[in-house]
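> predicted coordinates and the sequence they were generated for:
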Amino acid sequence: MSHEGIRFASREEQTRQDEENRPLAKIAITPEKVRVLITEGKGLEIDWVDGHKSAWGFAWLREACPCATCVEERKQEGRKPGQPKPKPAALLPMYTPPPKPASVHPVGRYAIQFNWADGHSGGIYSWEYLRRVCQCRECSFSRDETTGTPN
């Protein structure tokens, strides 16, 4: 019997995964107001029922696509959601337009889906996913918090 592809998580990894997968309160993942600023080319803003406010740029959202293909690609490249792909070394870099959705629509009462101008439309951004990847200073700090004593 082969054990290829089986990886055992350390206690630290398991604790981190458990923390990332803990259920969020319904009030924390219920949007009060959702603004998609396509015309301005800015991004997505959500005011949550619990009073929290979140905002993401379109470039970040495109790089954080939660579809299976994008998640697997990021995993293989060791990138986090929203982290851009490394630029290939070239003498003359080609211009690529910034990511922008061609359209956006709700998915039931639990998510939003972007139809990106580059033709990609597989990702369904659930409210829970968006809240977990909130880019505000408070949420970023709590995600990146380290253990130990301060200097």
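Received, thanks.
> which phi and psi does the residue nearest to the spatial centre of the chain have?
Centroid-nearest residue in the chain: Ala64, 3.9 Å away (criterion: CA atoms, centre = their mean). Phi and psi for Ala64, reported as degrees, to the nearest 10, are phi -110, psi 20.
> ok, it to Ile38 distance?
Distance, Ala64 to Ile38, by CB to CB, to the nearest Å: 17 Å. All C-beta atoms are positioned from the backbone trio N, CA, C, and that covers glycine.
> try Pro99
Remark: distance between Pro99 and Ile38 (CB to CB) = 12 Å.
> and for Leu92?
Separation of Leu92 from Ile38 (CB to CB) stands at 31 Å.
> between these two, which one's more packed in?
Taking other CB atoms under 10 Å, Leu92 and Ile38 do not tie; Ile38 has more neighbours (15 against 5).
> check the secondary structure at that one for me.
Here Ile38 is recorded as coil under DSSP: H, G, I helix; E, B strand; the rest coil.
> residues touching it, list them.
By CB atoms under 8 Å, 6 or more residues apart in numbering, the residues touching Ile38 are Lys100, Pro101, Val104.
> just give the nearest non-adjacent residue to the residue nearest to the centre of the chain, would you?
Closest residue to Ala64 apart from its sequence neighbours, by CB to CB, 6 or more residues apart in numbering: Pro81 at 3.7 Å.
> quick one: end-to-end distance for stretch 108-126.
10 Å (CA to CA, to the nearest Å).
> go on, stretch 126-138?
Start-to-end span of stretch 126-138 (CA to CA) is 21 Å.
> measure the residue nearest to the centre of the chain to Ala90 for me?
25 Å.
> can you pull out the helices in the protein?
Secondary structure of the chain (DSSP state H): helices located at 11-20, 58-63, 68-77, 127-132, 137-144.
> and Thr30, which of those is closest to it?
In terms of CB to CB, the element of those nearest to Thr30 is helix 127-132, at 6.9 Å.
> right, I'll leave it there.
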